[in-house]
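Asker: no sequence for this one, just the structure:
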């Protein structure tokens, strides 16, 4: 049985908006080829979180990590995610779903964003 990972993003009407998130999913798949990785969206795009969870269930995943690809824990992360996670757990009680903090709150990502911003200023100190 392979582990499952859902990368959960907001979604947008413009399909080009998803390109960076698809790139993240592709890199994770390359780094962890044995894992089942799905990209899911809150709105406007598919698959939805329940659809991605169903795909992972079909793939045999009984443990699924859910990583919100949000820069901060706004209303969607604080209010919508707990409800969505409860629905997943109710639909598949034999699957263990773990919700992680928004990726933008991870120290590594904060440091990377700061490095990118600082690099715009050159080497002057």
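Answerer: That came through fine. Here the structure is a predicted model, which means the values were calculated and not measured. Numbering: from 1, shown residues only.

Asker: could you pull up the contacting residues of residue 57?
Answerer: Residues near residue 57 by C-beta atoms under 8 Å, 6 or more residues apart in numbering: 92, 95. Backbone N, C-alpha and C define where each C-beta goes, glycine included.

Asker: element containing it?
Answerer: helix 49-58 (DSSP states H and E).

Asker: for this structure, which segments count as helices?
Answerer: Applying DSSP state H to the chain gives helices spanning 19-31, 49-58, 75, 81-91, 107-119.

Asker: which among those helices is found nearest to residue 38?
Answerer: helix 49-58 (3.9 Å; C-beta to C-beta).

Asker: confidence score at the residue lying closest to residue 3 once chain neighbours are set aside?
Answerer: Counting by C-beta to C-beta, 6 or more residues apart in numbering, residue 3 lies nearest to residue 35, which is 5.1 Å off, once chain neighbours are set aside. pLDDT for residue 35: 95.

Asker: pick the most deeply packed of the helices of the chain.
Answerer: Among the helices of the chain, helix 49-58 has the highest mean neighbour count (mean count of other C-beta atoms under 10 Å), at a mean of 18.

Asker: sorry, back to before: neighbours around the residue nearest to residue 3, how many?
Answerer: The criterion is other C-beta atoms under 10 Å. On that basis, residue 35 has 14 neighbouring residues.

Asker: tell me who's in contact with it.
Answerer: Taking C-beta under 8 Å, 6+ apart, one finds 2-5, 28-29 in contact with residue 35.
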